[in-house]
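A.B. asks: Build the 3D model from these lines:
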Amino acid sequence: MDRDRPGAKRVSSGAKLSDRALLLQGSTALEGSVEVSGAKNAALPLLAASLLTREPVTLYRVPRISDVEVLLDILESLGTRWSWSGPSEVTLHTPELLSIAPPPELVLRMRASFELLGPILGREGEAELTLPGGCRLGPRPVDQHVRAIRGIGASVTEIEGSITAAYRRPLEGNVRFDIRTVGGTRNAIMAATLNSTQVVLENASTEPEVLALIGFLNHLGASIVVAGNTITVRGVGSLTGGDYEVIPDRMEAGTYLLAAAATRGLVTVSGIEPTHLFPVVSLLRDTGVSIQELDPVTLRVDARSRVLRPMEVVVKPHPGYPTDLHPQTVAFLSTVMGKSHVVDTVFPLRTAYLPELSRLGCQLDWEGDRADICIEGGRLQGGTAHVTDLRAGGALVIAALSAPEESYLTGIEHIQRGYQDLPYKLTSLGATISFVR
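C.D. replies: Residues are numbered from 1 along each chain as shown. Next up, the predicted model:
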């Protein structure tokens, strides 16, 4: 199978990202144009959902990131035949499922692997998964997933770090989520797509990435209806094959918008869905940054020669301010003179990155392990910091580009989990970035 990236740029070969670091020279205003890749948080569930059909599926605009590669390896172990037919186009075909238990050593590498529970259960009537790994953002229990699967008629057993689920008659039932959970909603949808009478999910997540999954499954013949925050699934027995395009990555787009603002640059971000970016665009405009919609898929951010205002930000479930832009927003606001404040109500323990961001001159104050962060904006400074998770990587890169001195970032394998070619795209905007040992 072709795992090479056609036309991709490489700084060097033969070295793992975990063996390398990024050296960034800051104090350069970003300028130019950048195109956003397909969304990690949409592509992964679409890949998992391909298990629900015995027919070939082709996905377009799939980001070439390490989480996608890990999931493809998992799918291959389950019987999926897959191949890249272009830089971001992958075809998958699973005529037979060879196992109901993905390899634990791969599952432990990424949290999104737990969303294989729904499609395996839905197709085979039983599934067994090791509890997943992934970013360390504080406790993110899978109890809402388990409660939903039980609520629609499956039995679930939890033993020594693994979960087994099974059902013997068509799934049915009403489930009201205690909190809006993206992964729990998607798992329940995929479990019910084939063999259910009627499943109703209330207080369900309807984030763009959830709606993208529903659009994909309906395109293959599923019967899923969304009304507000209620999702109704009726089983259809089988799905066809088909083609589908992954939605733009709103977190990558938001990272570029915030990086342009932090460096007081002028950047055009294309290939986006503007409605997905309303919270971050509103925030940037409120601080004094100029943002223009050039066409339906393109925004231009202009922060040149502007005196920006500090802000209060409360992270909330969709359609509120997204938690996956919280760290990058803290980095940006650290460049804005005055006192800003960020509170995360979605992942309130998302704080592991804060000491690392402080190493680059960000003046931050928080209580214990709560993401209630006071920011004293001002001049940043170069330094050495470690990337603790994917979005922390975006935040540290923004801070490093805003500081006048050089910065050295380790742990950059986390960046590759969700940002396709981030160093190269930033270099095209004028940033000075190199890989070093």
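A.B. asks: Beta-bridge partners for residue 156, please?
C.D. replies: Counting by DSSP bridges, residue 156 forms beta bridges with residue 165.
A.B. asks: make that residue 290, sorry
C.D. replies: residue 302.
A.B. asks: Surely it and residue 299 touch.
C.D. replies: No - between residue 290 and residue 299 there is no contact under Cβ atoms under 8 Å: 10.6 Å. C-beta: built from backbone N, CA, C; applies to glycine.
A.B. asks: between the two, what contacts are shared?
C.D. replies: Counting by Cβ atoms under 8 Å, 6 or more residues apart in numbering, no residue touches both residue 290 and residue 299.
A.B. asks: Those two - which one has more neighbours?
C.D. replies: Ranked by neighbour count (other Cβ atoms under 10 Å), residue 290 and residue 299 place residue 299 first, with 22 against 14.
A.B. asks: Check whether the more buried one sits in a helix, strand or coil.
C.D. replies: Secondary structure, DSSP: H, G, I helix; E, B strand; the rest coil: residue 299 is strand.
A.B. asks: quick one: pLDDT of it?
C.D. replies: pLDDT for residue 299: 98.
A.B. asks: Once you drop chain neighbours, what's closest to it?
C.D. replies: Nearest non-adjacent residue to residue 299, counting by Cβ to Cβ, 6 or more residues apart in numbering: residue 269, 5.2 Å away.
A.B. asks: Residue 296 versus the one you found, what's the distance?
C.D. replies: Going from residue 269 to residue 296 by Cβ to Cβ, to the nearest Å gives 13 Å.
A.B. asks: between those two, who's got more neighbours?
C.D. replies: residue 269 (27 against 9).
A.B. asks: Secondary structure class of that one, three-state.
C.D. replies: strand.
A.B. asks: Could you pull up the residues touching it?
C.D. replies: Per Cβ under 8 Å, 6+ apart, neighbours of residue 269: 33, 34, 35, 36, 253, 256, 257, 260, 298, 299, 300, 301.
A.B. asks: ok, the third one - contacts?
C.D. replies: For residue 35, the set of contacting residues under the criterion of Cβ under 8 Å, 6+ apart consists of 269, 270, 271.
A.B. asks: Bridge partners for the first one, pull those for me.
C.D. replies: Same thing as residue 269. residue 34, residue 299.
A.B. asks: So for it, what's the pLDDT?
C.D. replies: 98.
A.B. asks: For it, give its distance to residue 35.
C.D. replies: In this view, residue 269 and residue 35 are 8 Å apart by Cβ to Cβ.
A.B. asks: and what of residue 316?
C.D. replies: For residue 316 relative to residue 35 (Cβ to Cβ), the value is 29 Å.
A.B. asks: what's the answer for residue 349, then?
C.D. replies: Between residue 349 and residue 35 the computed distance is 34 Å (Cβ to Cβ).
A.B. asks: Next: residue 279.
C.D. replies: 21 Å.
A.B. asks: Repeat that for residue 128.
C.D. replies: Distance, residue 128 to residue 35, using Cβ to Cβ: 40 Å.
A.B. asks: three-state assignment of the residue lying closest to residue 255 once chain neighbours are set aside?
C.D. replies: Leaving aside its chain neighbours, residue 255 sits nearest to residue 394 (4.4 Å; criterion: Cβ to Cβ, 6+ apart). Three-state call for residue 394 (three-state DSSP): helix.
A.B. asks: For residue 406, which non-adjacent residue is closest in space?
C.D. replies: Spatial nearest neighbour of residue 406, excluding adjacent residues (Cβ to Cβ, 6+ apart): residue 382 at 4.9 Å.
A.B. asks: if I pick residue 321, what's in contact with it?
C.D. replies: Here residue 321 is in contact with 279, 280, 283, 313, 314, 315, 329 (Cβ under 8 Å, 6+ apart).
A.B. asks: contacting residues for residue 204?
C.D. replies: Applying Cβ under 8 Å, 6+ apart, the residues contacting residue 204 are 177, 180, 185, 188, 210, 229, 230, 231.
A.B. asks: quick check, nearest of these to residue 202?
C.D. replies: Minimum distance to residue 202 across the contacts of residue 204 is 5.2 Å, recorded for residue 230 (Cβ to Cβ).
A.B. asks: Torsion angles phi and psi at the closest one?
C.D. replies: Backbone torsions of residue 230, given as degrees, to the nearest 10, read phi -110, psi 130.
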